[in-house]
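>>> What follows is a predicted structure for the sequence shown.
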Amino acid sequence: MIQTLQEAVPLLTAQDDLVLGLPIAAVLAQRFRLPTVDPAEFPEMVRIQIEKALPFSPDEVTTDFELIEQNETESVISAVAVRNAQLAEIAAPLLEGGYIPRQVTVYAAQRASTYAPKGNALFIYPEGEALVSAVTENGKVSLARTLDGVAPEQLRMELPQLALSAELQGISASFPNVLLDETCYELRDTVQAILASPTELVGIETPPASVKLNLLPESWRQRRSQLARRGEWHRRLLWASGAYAGLLFLGLASLASIDFEIGSLDRRIARDAPQTAFVRAAEANWKALAPAIDSRYYPVEILLHLFESLPSPDVRITTYSQSARQISVDGESSSVALAYQFIDKVKKNRELQVFQFDMAAPRILPNNHAQFRLEGKPR
């Protein structure tokens, strides 16, 4: 079992939402009766009253209060203060570990809010080697005493004095709820005999009920905000780094996949190279043999289709030559227009589509005739 705050620190993480419950011996608790005023002015009026009652300057302490009850004319409050130096000493293990609590409250208030949220109660429980007796109203600490040790004789002396102090402050001493921590069960008969009230044993609550009381110093609040902002930026950087790493991984995976595909294609190309070379060689042979075995390449057939494409008797073919790679047609027409009509009909002739024909600009002769030259290459 963890006995000290020092032992608890190694078990904490930066994500833990810490609430520090102070012992009664570390705080000053007082009950006030104040007139009910505008809610906006009430906190300032309470602060002034607390500062008047404290033996320390306002800069040395952190204070807060809880409303016990309120009517139209009067408000009863529970005010608590803690010296900043003592609080820093108590929380030193947390601060040294870089942990700042979200809330600093009083453990007695947490237990009272858990077990006696309504009505008056007397709570008796141990804090370290001491025994605490706390008077609560509606879950708020009104009055508290710390006893050195847990001897029944001390209870017989202290509890009547505590009841008298409660009466002097206007708190009914006929406590309807007397709560005794189960670790002090041997004192149950003594407490019942002193107070003449049934005493109930209660365990340690996990977790205790939440309370409004917060004694977190302003400097701690600012530091906690800074740490929260730093943590948020750290998380954002981690997310950004993770996203960047993910994109980088995807990019590398994509490159690896492309390299694998390229390698696979290279291997397939290398495997199919003999067949590809055979096909290309066969294609070249067929092209070389085409003029001999394909009638579309026969000179007679080509000349026939050329003469079919003549647009007029005024267009004559004067020279025809053919090789394996090219045919050439020289001619003469009575006009440039007829020469262009001839090349146009040649290109549109379905039987001559195996060739791609081009014609340079015709040359004009002295008799105004046009001399032209067609060149055709197999497609």
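In hand now; what should we look at? What you are looking at is a predicted structure, and each value in this text was computed from that prediction instead of being measured.
>>> Might you list the low-confidence residue ranges for the stretch 251-379 of the chain?
Applying pLDDT under 70 to the stretch 251-379 of the chain flags residues 289-292.
>>> ok, now with 50
Within the stretch 251-379 of the chain, not a single segment meets pLDDT under 50.
>>> show me where it has helices.
Secondary structure of the stretch 251-379 of the chain by DSSP state H, counting those that start in this stretch: the helices cover 299-308, 336-348.
>>> which strands and helices sit next to the first one?
With contacts defined as 3 or more C-beta pairs under 8 Å, 6 or more residues apart in numbering; DSSP states H and E, the packing partners of helix 299-308 are strand 315-322. For every residue, glycine as well, the C-beta is placed using N, CA and C.
>>> what packs against the strand it packs on?
Looks like strand 315-322 contacts helix 299-308, strand 327-333, helix 336-348 (3+ C-beta pairs under 8 Å, 6+ apart).
>>> who does whichever strand or helix holds residue 110 touch, helix- and strand-wise?
In this structure, residue 110 sits in helix 107-115 according to DSSP states H and E. Contact here means 3+ C-beta pairs under 8 Å, 6+ apart; on that basis helix 107-115 packs against strand 19-22, strand 120-127, strand 130-137, strand 140-148.
>>> From what I see, residue 147 and residue 131 are in contact.
Yes. Here residue 147 lies in contact with residue 131, judged by C-beta atoms under 8 Å, at a distance of 4.3 Å.
>>> how about residue 172, secondary structure?
Assigned with DSSP: H, G, I helix; E, B strand; the rest coil, residue 172 falls in the coil class.
>>> residues touching it, list them.
120, 166 (C-beta atoms under 8 Å, 6 or more residues apart in numbering).
>>> List phi and psi for it.
The main-chain torsion angles of residue 172 are listed as degrees, to the nearest 10 and equal phi -60, psi 130.
>>> how many other residues sit next to the closest residue to residue 86 other than its chain neighbours?
The spatially closest residue to residue 86, leaving aside those adjacent along the chain, is residue 26, at 5.8 Å (C-beta to C-beta, 6 or more residues apart in numbering). If you count neighbours by other C-beta atoms under 10 Å, residue 26 ends up with 16.
>>> sorry, back to before: I'd like to know which of the helices and strands packed on strand 315-322 is closest to residue 40.
helix 336-348 (97.7 Å; C-beta to C-beta).
>>> can you list contacts of the closest one?
Counting by C-beta under 8 Å, 6+ apart, the neighbours of helix 336-348 from elsewhere in the structure are 306, 309-312, 314-315, 331, 333, 352, 357, 359, 362, 364, 370, 372, 374.
>>> one more time with 6 Å, if that's ok
Contacts of helix 336-348 from elsewhere in the structure, counted by C-beta atoms under 6 Å, 6 or more residues apart in numbering, are 309, 311, 312, 314, 315, 333, 352, 357, 359, 362, 370, 372.
>>> What's the ChimeraX syntax to select whichever of those are buried?
Taking 16 or more other C-beta atoms under 10 Å as the burial criterion, the selection of buried members of the contacts of helix 336-348 in ChimeraX is written as:
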select :309,311,315,333,352,357,359,362,370,372
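>>> Now render the contacts of helix 336-348 as TSV, adding distance to residue 207.
Listed next are the contacts of helix 336-348 as TSV, based on distance: C-beta to C-beta, whole Å:
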residue	distance to residue 207
309	103
311	106
312	110
314	113
315	109
333	109
352	98
357	96
359	99
362	105
370	108
372	105
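>>> Looking at the contacts of helix 336-348, which one is closest to residue 40?
Scanning the contacts of helix 336-348 for proximity to residue 40, where the rule is C-beta to C-beta, the winner is residue 357, at 100.4 Å.
>>> Just confirm the closest one contacts residue 376, I think it does.
Yes. The pair residue 357 and residue 376 passes the contact test of C-beta atoms under 6 Å, sitting 4.6 Å apart.
>>> just to revisit the earlier point, comparing residue 147 and residue 131, which shows the higher neighbour count?
Between residue 147 and residue 131, counting by other C-beta under 10 Å, residue 131 is the more crowded of the two (22 against 18).
>>> if I pick the more buried one, what's in contact with it?
Residue 131 neighbours (C-beta under 6 Å, 6+ apart): 147, 150.
>>> what pairs with it across the strands?
With DSSP bridges as the criterion, the beta-bridge partners of residue 131 are residue 126, residue 147.
>>> List the residues that contact residue 247.
With contacts defined as C-beta under 6 Å, 6+ apart, residue 247 has no neighbours.
>>> how far is the host helix or strand of it from where the chain is centred?
With secondary structure defined by DSSP H and E, residue 247 is part of helix 218-293. Averaging C-alpha positions (C-alpha atoms, centre = their mean, to the nearest Å) puts helix 218-293 28 Å from its chain's average.
>>> what angle do that helix and strand 315-322 make?
Between helix 218-293 and strand 315-322, the angle comes out at 100 degrees (axes from the mean of the first three to the mean of the last three C-alpha atoms, to 10 degrees).
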